[in-house]
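K.L.:
Just a sequence and a predicted model for now, questions to come.
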Amino acid sequence: MTSRKTELAVGVFLLAGLLALLVLVLKVANIDLKGSGPTYQLTAHFDNIGSLKVRSPVKVGGVVVGRVSAIDLDPVSLLPVVTLTIDARFDQFPETSSLSILTAGLLGEQYVGLSPGFYEDEDAVLADGDQVEDTRSAMVLEELIGQFLYRAGEDK
Amino acid sequence: MNLSEGIAQLGRQGLSAMTAMGRALLMLIGALVARPQWGKMRPLLVHQLYQIGVQSMLITLVSGLFIGMVLGLQGYLILVDFGAEESLGPMVALSLLRELGPVVTALLFAGRAGSALAAEIGLMKATEQLASMEMMAVDPLRRVIAPRFWAGVIAMPLLAMMFTAVGIFGGHWIGVEWKGIDSGAFWSILNASVEWRQDIANCLIKSLVFAFVVVWIALFKGYDAVPTAEGISRATTETVVHASLAVLALDFVLTALMFG
């Protein structure tokens, strides 16, 4: 009933289907098969996070070194708390490093830019659970326009 | 008097729709809820995978290629007005992964494999092959329905994956080779916007649900057909019409649940 030819054709069919799935996963979604290596977490308080989202990239000089893993509001200080998960290969950021929320292009996604600071002493590097003190908030267009109009009104 | 006759008519239709659904469910339970007999099932399943999957492959691949190419061309013509032709990649990939891949494959599958299943089983019933199986103490639900059901549920998602992959390459071909978009930009923007769980897993879930519905409708329409030439022709038509409507309506519900 089922000849060898049929079985062969079915085998090719199944392989082609799985291959298509593999192509979609690897080439289109670009999943890293290595998975995520060891990471460590940093937190930071911002005044305003704009439209930053969980999974937004953290970049140093344009290179992605980690992702935003959680966004929450501190119930006491009422400031947004952003948790960053950074690749453990990059564990030498000095404690004086600063974070700013930047926008890719004019209308692009927002990301966290990390600018490494200077070394105060050799051991003062950011480690797991540390908080980054120096942060700059997202630029919110409406606030900028508001400030501009306010100043323009004062000058008269 | 006329009014009560109308209401009674409505009631009759409602009841017959309900009993048909009940029969469909009983058929499915009878076919699937059983001790698996892998040895007996395997050759039947392979044969059905050939009939349902391999023979639907050509139409699926060709349609996928052309739909991807059309999406690429139309998308380019619109995006180039905004100077955003580099975003062609995500446009083609997301429309294929999220909607067109599962839906068009399911519609093609209903037309290509579903109608054949309904006609085959309807003819088996009309020529009393199903009844003679029962005479020989062979359960036609498990011998005829079950392998076809599983073959359809296995084959359809794989076909949808092939459709989507070929479609994306069709769009890439038009965008990069014909319209001169940079290949690196095409893939990198595409990679940045396609997400594994949001898009590919949902594409798989959608195609599995559609496969289940299309195969179930096709098998039931055949199994429940009036055993005459006219009955079989009606069963085949109803399979395509009902399965297509069910797929389109379910697609809206699933999209609302996944992306709403």
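P.N.:
Received, thanks.

K.L.:
Low-confidence bits of chain B, can you list those?
P.N.:
Counting by pLDDT under 70, chain B contains low-confidence ranges at B:1.

K.L.:
got the residues of it near chain A?
P.N.:
Contact residues (C-beta under 8 Å from any C-beta of the partner chain) of chain B with chain A: B:43, B:46-47, B:49-50, B:53-54, B:57, B:93, B:97, B:154-155, B:157-159, B:161-162, B:164-166, B:168, B:187, B:190-191, B:194-196, B:199-200, B:203-204. All C-beta spots, glycine's among them, are computed from the backbone N, C-alpha and C.

K.L.:
Kindly recompute the last result at 6 Å.
P.N.:
Within chain B, the positions adjacent to chain A are B:43, B:46-47, B:49-50, B:53-54, B:93, B:158, B:161-162, B:165, B:191, B:194, B:196, B:200 by C-beta under 6 Å from any C-beta of the partner chain.

K.L.:
which of those count as buried?
P.N.:
The neighbour-count criterion (16 or more other C-beta atoms under 10 Å in any protein chain shown) marks B:46-47, B:49-50, B:53-54, B:93, B:158, B:161-162, B:165, B:191, B:194, B:200 among the residues of chain B next to chain A as buried.

K.L.:
Return the member of these nearest to chain A.
P.N.:
Closest approach to chain A among those (C-beta to the nearest C-beta): B:Leu158, at 2.6 Å.

K.L.:
where's the closest one relative to B:Leu204, distance?
P.N.:
As judged by C-beta to C-beta, to the nearest Å, B:Leu158 and B:Leu204 stand 10 Å apart.

K.L.:
one step back: tell me which of the residues of chain B next to chain A fall in strands.
P.N.:
Judged by DSSP state E, the subset of the residues of chain B next to chain A located in strands is empty.

K.L.:
ok, back up a step: determine which two of the buried ones among the residues of chain B next to chain A are furthest apart.
P.N.:
B:His47 and B:Asn191 (39.9 Å; C-beta to C-beta).

K.L.:
Correct me if wrong: B:Asn202 contacts B:Thr255.
P.N.:
No - checked against C-beta atoms under 6 Å, the pair B:Asn202 and B:Thr255 is beyond contact range at 8.9 Å.

K.L.:
what does stretch B:176-185 contact?
P.N.:
Applying C-beta atoms under 6 Å, 6 or more residues apart in numbering or on different chains, the contact partners of stretch B:176-185 are B:76, B:85-86, B:88, B:175, B:186.

K.L.:
What is the neighbour count of whichever residue of chain A sits closest to chain B?
P.N.:
Closest contact between chain A and chain B, by C-beta to the nearest C-beta, is at A:Gly17 (2.6 Å). Counted with other C-beta atoms under 10 Å in any protein chain shown, residues neighbouring A:Gly17 total 22.

K.L.:
Tell me the predicted confidence for it.
P.N.:
What the model reports as pLDDT for A:Gly17 is 90.

K.L.:
Chain neighbours aside, what residue packs nearest to it?
P.N.:
B:Leu158 (2.6 Å; C-beta to C-beta, 6 or more residues apart in numbering or on different chains).

K.L.:
I'd like to know how far B:Ile168 sits from A:Gln147.
P.N.:
46 Å.

K.L.:
Pick out whichever of these two has more residues nearby.
P.N.:
Using other C-beta under 10 Å, the more surrounded residue of B:Ile168 and A:Gln147 is B:Ile168, with 28 against 10.

K.L.:
list the contacts for the nearest residue to that one once chain neighbours are set aside?
P.N.:
Among residues not flanking B:Ile168 along the chain, B:Ala93 sits closest, at 5.3 Å (C-beta to C-beta, 6+ apart). Shown in contact with B:Ala93 (C-beta under 6 Å, 6+ apart): A:28, B:168, B:190, B:194.

K.L.:
May I see these arranged in TSV, with distance to B:Gly122 as well?
P.N.:
Below are the contacts of B:Ala93 laid out as TSV (distance: C-beta to C-beta, whole Å):
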residue	distance to B:Gly122
A:Val28	40
B:Ile168	38
B:Leu190	45
B:Val194	42
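
K.L.:
Widest-spaced pair of those residues?
P.N.:
The span of those, defined through C-beta to C-beta, is set by B:Ile168 and B:Val194 at 9.5 Å.

K.L.:
count of neighbours near B:Trp150?
P.N.:
With neighbours defined by other C-beta under 10 Å, the count for B:Trp150 comes to 19.

K.L.:
Just give the nearest non-adjacent residue to it, would you?
P.N.:
That would be B:Leu45: by C-beta to C-beta, 6+ apart, it lies 6.0 Å from B:Trp150.

K.L.:
how many other residues sit next to the one you found?
P.N.:
19.

K.L.:
Any figure for the gap between it and B:Leu117?
P.N.:
B:Leu45 is 14 Å from B:Leu117, where distance means C-beta to C-beta.

K.L.:
ok, back up a step: can you tell me which of the contacts of B:Ala93 are in helices?
P.N.:
B:168, B:190 (DSSP state H).

K.L.:
Return the helix or strand in chain A with minimum mean pLDDT.
P.N.:
Counting by mean pLDDT, DSSP states H and E, the weakest-scoring helix or strand in chain A turns out to be helix A:141-155, with a mean of 83.

K.L.:
Please state the offset of that helix from the chain centre?
P.N.:
Its chain's average C-alpha position is 31 Å from that of helix A:141-155, according to C-alpha atoms, centre = their mean, to the nearest Å.
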